[in-house]
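Student: Have a look at this prediction, sequence included:
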Amino acid sequence: MKKIFKLTVALVALLSTINVSAIGNDFSIDVRKADGKTLSFALHESNKVLLSIYDQDHKMIHTEMVNAKGSFYRKYDLNSLPAGSYFLVAESDLRTATYEIAVSTNNAVLKAIPISEVAKPTLSKINGLVKLNLDNKANTPVAVKIYDEANELIYSEVFLNKSIVEKVFDINERSYENYTFIVSYDTDKFFEKTISAK
């Protein structure tokens, strides 16, 4: 009888799962039913994802790096948190998704749909050519700056009304070995990466 009960509970939990898919196959989060102030969810199709919880004042409460292939299940006990809004941020190399957590006196609910989802720019280098690619679905201004090792600005451009930003930079003919690419987008997103010309 206990086995049948456990199987029934597991089946109900499985059927009550809400699948949240995101940009591409980078990762997805399945929100499970909360048990009081304990949240549970599954992270799928992930390799390396940074999970962080923030309060309303953007103060980090918890962070952990998940480095697993396939599915990863996680429970968070939020009993020590006062009532209010909190945010679960899942960040990979390709994007960042933010989910709202509503905490009340007796329970916590992780919203199934992200309140924001932002693709990150990718920089790839082949034979001294650096290609920038950014999926900018929000069509927000994208500012690109490149600095050399002496911290001198060698390139600056703002791309307006572009849903996809693609640009190729030739760093072969430059006098320094390392160049820092800074990309600002979606009003408050910031990306920085240093690439060697060698």
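Tutor: The structure has been received and is ready for your questions. This is a predicted model, so every value here is computed, not measured.
Student: low-confidence ranges in this protein?
Tutor: 1-26, 33-34, 45-46, 186-189 (pLDDT under 70).
Student: For it, which residue occupies the most central location?
Tutor: Nearest residue to the geometric centre of the chain (CA atoms, centre = their mean): T96, 1.8 Å.
Student: so where does it fall, helix or strand?
Tutor: strand 95-103 (DSSP states H and E).
Student: Test of understanding: give the bridge partners of the residue nearest to the centre of the chain.
Tutor: For T96, the beta-bridge partners under DSSP bridges are E91, V118.
Student: ok, now the one 5 residues further on?
Tutor: On the basis of DSSP bridges, I101 takes part in beta bridges with Y86, L110.
Student: Contact partners for it?
Tutor: L39, I53, L78, S85, Y86, F87, L88, A108, V109, L110, K111 (CB atoms under 8 Å, 6 or more residues apart in numbering). (Glycine included, C-beta is placed from N, CA and C.)
Student: Closest to E192 out of those?
Tutor: Proximity of the contacts of I101 to E192 (CB to CB) peaks at F87, which lies at 22.7 Å.
Student: Could you measure from the spatially closest residue to that closest one that is not a sequence neighbour over to Y86?
Tutor: Spatial nearest neighbour of F87, excluding adjacent residues (CB to CB, 6 or more residues apart in numbering): Y54 at 4.7 Å. According to CB to CB, to the nearest Å, Y54 stands 7 Å off from Y86.
Student: any common contacting residues for these two?
Tutor: Common neighbours of Y54 and Y86 (CB under 8 Å, 6+ apart) are I61.
Student: Looking at those two, which has the bigger crowd around it?
Tutor: Y86 (22 against 18; other CB atoms under 10 Å).
Student: you'd agree the more buried one is up against V103?
Tutor: Yes: Y86 is within contact range of V103, at 6.0 Å (criterion: CB atoms under 8 Å).
Student: Can you pull the residues that touch both of the two?
Tutor: With CB under 8 Å, 6+ apart, Y86 and V103 have common neighbours L78.
Student: Between the two ends of stretch 88-96, how far is it?
Tutor: For stretch 88-96, the first and last residues are 10 Å from each other (CA to CA, to the nearest Å).
Student: rewinding a little: quick check: buried residues in the strand holding T96?
Tutor: Residues of strand 95-103 classed as buried: R95, T96, A97, T98, Y99, I101, V103 (neighbour count, 16 or more other CB atoms under 10 Å).
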